[in-house]
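Undergrad: Sequence and computational prediction follow.
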Amino acid sequence: MSQSPKILCITDKNPALASVSEQLRGAAEVVDVSSPVRAFARLSRQPDEFDGLYVAAAHFQDAFKLGRLLQNERILEGMPDGVAMLDVDTSVLWANSKYREWCKKSEVAGLGFYQALGNPEILGPDFCPFHTALATGQPSISTLRSGDLYFQTHAAPVDEPDGQSQYLIVTIRDVTAEMLQQQKLAAIHKAGIELADLTPDEVFNMGVDERIELLKSNILHYTQDLLNFDVVEIRVRDEETGRLEPLLSYGIDEDAARRPLYASPTDNGVTGFVAATGKSYLCEDTNEDPLYLQGFAGAKSSLTVPLIFHDQVIGTFNVESPEPRAFSESDLQFLEIFSRDIAVALNTLELMVAQRASTAQESVEAIHGAVALPVDEILNDAVNVMERYIGHEPEVVQRLQRILKNARDIKQVIHEVGQSMAPAEAVPACPEMTKHAKLRGCRVLVVDADDCVRNDAHALLERYGCNVETAHEGGEAVFMVRNCGPDVEYNVIIADIRLPDVNGYELLVNLKDILDPVPLVLMTGFGYDPGHSIVKARQAGLHPKAILYKPFRLDQLLETVECMLDVYGRVPQA
């Protein structure tokens, strides 16, 4: 083994420096490298190989920077992130203590970067970050998974005088907490989507109560298994009263679950405060919080968030713990995200209920419309027959009156079935229905020879709660009025001015023998009245506003019927 000293010489191929190198070679073994970085790499691999270091003047500045790096190695050793220098083969030339700690090795020089870390899985986005950095000369970022740990790497090439990077500075950071949080957020989002996710068969076969129970079961499952909350209470806000109705409670005392609460910032606990303000509330110690109302014996902390849909608070989600300060800001974030999905699921469920109720309502209306005229025919035939037997055979008259009642009951039963299939809370009344509430229960007789007119009267008026019956001609109308039955009277009679047997004026005169006053409204097509029956009817007592024009305009029809009710009053219906 040679006893001559070994010198590492950082120089270049400048002929002017050849004499210096030759002088050194005469007294020592010289190893030439072209840059301070290469010298650092050589020294890192074999720190005891050389007895001295020579730096040419052209490399003083780079060598000074490298010297400062070596001088600050203690700072790198104390960093919370790992730092390593790699060669073109991704072998480790030098690494700080944090990187060696994650590798679980005291020395990693000479090992491959991935080999030292235990061959972690590369998750991307760049699956060859080191080769990308060397090829492009630009930094590259990727994520690694090693066992239960996740690391983010940042590989930056080291500039060389010839422009060809041969070394990388790699920083590696532990991002396990961030990755686990992202995974939990993704799991919460997926769970939220699945809350009310029903197949077409389930939608068809499940009733409203079954869907609600399924939603409650899913909420409880994900709350316990994903969020790790064991004491849960969800309340839904009643829009009209502001009362917070219990939807789901688990682990909550029975008295607390049944406690009446309202959306109010005072006297209704944390739940009422959250519902009133729309702001989440973290109660870290129940003994020190004046807002808190006990949810279960031994509760020490609680977390309550609002259920918000379209900027409206529709309920609250409350979780509690027997440990003080059991909930963190992360728990708050997770619960707020999950609560948004719950709000959407509740709204979806409400829409499905409303859709089914609307479909049922449409079906009932279709059935009602289909039987309306046939039932009217039964009524017309019954009163026609009754006219012949009045005063002759009382038993026949009584039987015919039962037929009248039963025929009317057919429509009433259809209406009641529709109400049960489409309750008001599922299909709330629109503003127009509320505006014309006085029409509900009003009994209207429509007299016209045209089937379309009679059908339109049923469709338009029954939508607002009127009981509509029809007749083809004036004689039938008189029979219907005279024999309508016990406790049944027509509040409004609408008749065409030109009926097959009489005109509007003649009908008014005939009805005056039965009614006084006569709540008659005459209708005409496009104002055509060749017999001047409207003029004569007005002279005989027809109200000035009791005129309608065909085809019906809904607003005019409703306004005229309401006017007649105001003028002649309502007849209470049995």
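TA: Thanks, I have it. Numbers count the residues shown, from 1 in each chain.
Undergrad: Okay, domains of this protein per the record?
TA: 6-71, 73-174, 185-355, 429-568 (automatic domain parsing).
Undergrad: Now do the longest one, average pLDDT.
TA: Same thing as domain 185-355. Averaging pLDDT along domain 185-355 yields 83.
Undergrad: same deal with the shortest one?
TA: In this model, domain 6-71 has an average pLDDT of 63.
Undergrad: re the thing from before, quick check: which of the domains of the chain is nearest to Lys405?
TA: domain 429-568 (6.3 Å; C-beta to C-beta). Any C-beta I mention is one placed from the backbone N, CA and C, and that applies to glycine too.
Undergrad: My read is that Thr90 contacts Leu111, right?
TA: No - Thr90 lies out of contact with Leu111 (C-beta atoms under 8 Å); the separation is 9.9 Å.
Undergrad: and the gap between Arg440 and Gly465?
TA: The gap separating Arg440 from Gly465 is 3 Å, by C-beta to C-beta, to the nearest Å.
Undergrad: quick one, which of the two is more surrounded?
TA: Gly465 (16 against 12; other C-beta atoms under 10 Å).
Undergrad: Report pLDDT for the more buried one.
TA: Reported pLDDT for Gly465: 82.
Undergrad: do Tyr150 as well
TA: For Tyr150, pLDDT reads 91.
Undergrad: Please, which helix or strand holds it?
TA: Element membership for Tyr150 (DSSP states H and E) is strand 149-157.
Undergrad: Can you point out the buried residues in that strand?
TA: Tyr150, Phe151, Gln152, Thr153, His154, Ala155, Ala156, Pro157 (16 or more other C-beta atoms under 10 Å).
Undergrad: With stretch 554-562 instead?
TA: For stretch 554-562, using 16+ other C-beta under 10 Å, the buried residues are Leu557, Leu558, Thr560, Val561, Glu562.
Undergrad: rewinding a little: so between Thr90 and Leu111, which is more surrounded?
TA: For Thr90 versus Leu111, neighbours defined as other C-beta under 10 Å are more numerous around Thr90 (19 against 16).
Undergrad: Now that one, what are its backbone angles?
TA: phi 60, psi 30 (degrees, to the nearest 10).
Undergrad: so how far is stretch 105-121 off the chain centroid?
TA: For stretch 105-121, the separation from the chain centroid amounts to 48 Å (computed by C-alpha atoms, centre = their mean, to the nearest Å).
Undergrad: Show residues contacting that stretch.
TA: The contact list for stretch 105-121, computed with C-beta atoms under 8 Å, 6 or more residues apart in numbering, reads 44-45, 84, 86, 89-95, 99-100, 102-104, 130, 144-147, 151, 170.
Undergrad: List only buried entries from those residues.
TA: 44, 84, 86, 90-95, 99-100, 102-103, 130, 144, 146, 151, 170.
Undergrad: host element of Ile122?
TA: Residue-wise, Ile122 maps onto strand 121-125 under DSSP H and E.
Undergrad: and the angle for that strand with strand 149-157?
TA: 60 degrees (axes from the mean of the first three to the mean of the last three C-alpha atoms, to 10 degrees).
Undergrad: helices or strands up against the helix or strand that comes right after strand 121-125?
TA: Counting by DSSP H and E, the element after strand 121-125 in chain order, helix or strand, is helix 129-136. With contacts taken as 3 or more C-beta pairs under 8 Å, 6 or more residues apart in numbering; DSSP states H and E, helix 129-136 sits against strand 140-146, strand 149-157, strand 167-174.
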